[in-house]
Structures are given as structure tokens and as C-alpha cells.
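1. With the input below, show me the fold.
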Amino acid sequence: MTDWYYADASRQRQGPWTGEELASHFQHGRIGLETLVWRDGLGEWQPLRTVAGELDMPLQPPPATAPALPTAAESGDTPYAPPAAQIASEQQYVDGTDVVLAGFWRRAAALFIDSMVVTFAWYLVMIVGVVVLGIGGSVLMRDADSAGGMAAMFGIMGMIYLTYPLISAAYYAGFESSSKQATLGKMAVGIKVTDIDGRRLTLGRALGRWLAVALNYLTLYIGYLIVAFTERKQGLHDKVAATLVVDRWAYTAHPDWQERGLGTVTKVILAIAGVIYGLAFIAVLAAILIPLATQN
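-> Residues are numbered from 1 along each chain as shown. Predicted coordinates for the structure are as follows:
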């Protein structure tokens, strides 16, 4: 018996179904003639109309109304890893397909979100640290050995500031080595990180990539800017770690779903970032010029 699968409106694979069940879904209006279907032996996903003859299915419009579509969870199967399937969800690697590399602006939008997330997490730690210093510090300063109390306070402050790189490393390395292969910012703009062959990073490789980001700061951010000019859209840290940043649908069974432009989400994020940084620049400029103007 042949197992069939189809891609639903959310581009998630549903199945397996028998040929009769698939034909029944069509007759009840749950899927259409243009719905992508696949079975073992097909080289790629095909519209249902191209395999209608194989299913002995009449090509007639389905009813206008239809009952709710049963999901794979209801049928007891997962849409992500059916047996013998070679092409499926975005988590599965497929080589030899068209690859859209993530350009500078999509990566800049992702970096803006990621920086906000890490900074927000760090400030939460800072708030807790300030409370600890406020309570614990007053107790320490009451000790006869004030030098020891001061040393303890500086030690706590040092630990607080060290949490930033720890949070950052855990965030970037953890997310980029996960099944999504992307941080929250990268997920938002639809891109992911792979090794040079398009495969998922190991945790060690992702951590090495995070460490290599320091080179971008040492080069006064030129390491980031070269993304716009290198052949494979690699930053300095990508070249050191041998990684790529690509569209989320690259190296999957659906390369045609890749976004070749900026996309609406990326444009909105860039606009928000532009407003925030623009206001910050104006504030800094005003802080410099206003005192100078009042002195004259």
C-alpha cells in the first residue's frame, strides 16, 4: 500500500494517507487540485492534478463547504518524520537545490532583534543584581573589615557584568545549533545558519561562530559590512567559522518557497531600527550642541 502526503495551507506536511483517503479529502473539499502531494518514488512534490490518474480520481470541483481537516496529530502520525520520506519539513536536509543567501539588510534586521533580546535579558539580571547589592552590600559594609566588604561588592558587580557574554553565548549558540538553526531575530526575517555545506551546526561550531563575532568589533564593524560585498554573503565571523546564512527554506524540499527580496517583516524591522537609532543620534547630538550653544 502506498503512503501519500500533502502540504497544507501552513506548508506543513500531513499524512500518511492511503490513495483512497487522499481522494476522499479531495472529494470533501479538504484539498484542491493544486495541493502539493508526494509519495515514495516521486522525485519532488507534485500538484494533485498531475497524479489524479494514478489515484483513479475524477477531476471535478469539490463541494464548497468542507468539514475540518484532520491533522496528523489526530491520526496518530507526525507530519515531520514519516517513514521512508526523503523530502519533508524544513528540518530535513536536501542538497542540490537552489539556495538564496541572506543579504546584509536581512541579517541587519535579525541582529537588531537579537541585540534587543540579549540586552533585555541582561538588564533583568542587572536589576536582580542591583537589588542584591543594595541589600547584601549594606550588610557587608557593616563588617569590621570594610576592605573585605568592598571586595565582595566588587566581586558581585564583576559577576553581573560577566553575565552579558554568558547570556549572549547561550542565546546565539543554543538557537543556531537547534533544529530551527536560527535565533529569534533570524526566525522573524526567515533566515537560518548552516555550515558551508548547508547542514545544521553542532553546538561547538555555533559557539565558535559566536566567538568569531569578536573579530567584527576589532575591525570596527567592517567584519559585518563585508557581508554586502562577499560572493557568498559571509561576514568575517562566517569565513572564520565556515558558515553560511541562508533563507529558511534553503536546503529543503521547497527551495521555491525562499524569499528573494527583503520581505515585509524585514522592512518593518529596519524602519523601526532606523527610527530608534535616528532618535538616539539626535539625542546625542543635542547633548553636545546645547551646552555649547548656552556657553556663547
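
2. tell me the strands in the stretch 51-200 of the chain, going along the chain?
-> Taking DSSP state E, counting those that start in this stretch as the criterion, the stretch 51-200 of the chain carries its strands at 191-195.

3. Now for the spatially most central residue of the chain: which residues touch it?
-> By Cα atoms, centre = their mean, the chain has its centre lying nearest to M187, at 2.6 Å. Contact analysis of M187 by Cβ atoms under 8 Å, 6 or more residues apart in numbering lists K180, R248. Where C-beta positions appear, they are placed from N, C-alpha and C, glycine not excepted.

4. The one 5 residues further on now?
-> Under the criterion of Cβ under 8 Å, 6+ apart, the neighbours of K192 are K180, Q181, A182, K186, V245, V246, D247, R248, A250.

5. Could you list which residues are in contact with L211?
-> Counting by Cβ under 8 Å, 6+ apart, there are no residues that L211 touches.

6. can I assume it sits in a helix?
-> Yes: assessed with DSSP: H, G, I helix; E, B strand; the rest coil, L211 lies in a helix.

7. Pull up the gap between it and L236, please.
-> Per Cβ to Cβ, to the nearest Å, L211 is found 12 Å from L236.

8. With T266 instead?
-> From T266 to L236 the distance is 22 Å (Cβ to Cβ).

9. all helices in the protein, in order from the N-terminus.
-> 19-27, 72-75, 104-141, 146-176, 184-189, 203-212, 214-218, 222-225, 236-241, 264-295 (DSSP state H).

10. Worst mean pLDDT among these?
-> Among the helices of the chain, helix 72-75 carries the lowest mean pLDDT, a mean of 44.

11. burial measure for the residue lying closest to R199 once chain neighbours are set aside, as a count.
-> Counting by Cβ to Cβ, 6 or more residues apart in numbering, the nearest residue to R199 once its immediate chain neighbours are dropped is Y93, at 5.8 Å. Under the neighbour criterion other Cβ atoms under 10 Å, Y93 is assigned a count of 13.

12. got it, and G278?
-> Count around G278 with other Cβ under 10 Å applied: 10.

13. And D95, by the same measure?
-> D95, neighbours per other Cβ under 10 Å, totals 9.

14. try M126
-> 14.

15. quick one: contacts for it?
-> I160.

16. Going by neighbour count, list what's buried in stretch 30-47.
-> Buried residues in stretch 30-47, defined by neighbour count with 16 or more other Cβ atoms under 10 Å: R30, I31, T35, L36, V37, W38, R39, W45.

17. Take these and keep only those in strands.
-> L36, V37, W38, R39 (DSSP state E).

18. how near is the last one to E54?
-> The reference is to R39. On the measure of Cβ to Cβ, R39 and E54 end up 9 Å apart.

19. Now the common contact residues for those two.
-> Counting by Cβ under 8 Å, 6+ apart, nothing touches both R39 and E54.

20. What sits closest to L262 if chain neighbours are left out?
-> Spatial nearest neighbour of L262, excluding adjacent residues (Cβ to Cβ, 6+ apart): W105 at 5.9 Å.

21. how near is that neighbour to A253?
-> To A253, W105 is 27 Å away according to Cβ to Cβ.

22. Between these two, which is the more surrounded one?
-> Set W105 next to A253 and count neighbours by other Cβ under 10 Å: A253 wins out with 23 against 17.

23. Backbone dihedrals for that one, both of them.
-> phi -80, psi 0 (degrees, to the nearest 10).

24. returning to that earlier point: generate a ChimeraX selection restricted to the buried subset of the contacts of K192.
-> Buried members of these, defined by 16+ other Cβ under 10 Å, are picked up in ChimeraX with:
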select :180,181,182,186,245,246,247,248,250
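
25. Now the contacts of K192 in CSV, please, with extra columns for distance to D8.
-> Converted to CSV, the contacts of K192 look like this (distance: Cβ to Cβ, whole Å):
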residue, distance to D8
K180, 20
Q181, 23
A182, 22
K186, 24
V245, 28
V246, 24
D247, 21
R248, 18
A250, 22
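
26. Now flag whichever of the contacts of K192 is closest to Y123.
-> Distance to Y123 across those (Cβ to Cβ) is lowest for K186, with 22.1 Å.

27. No further questions, thank you.
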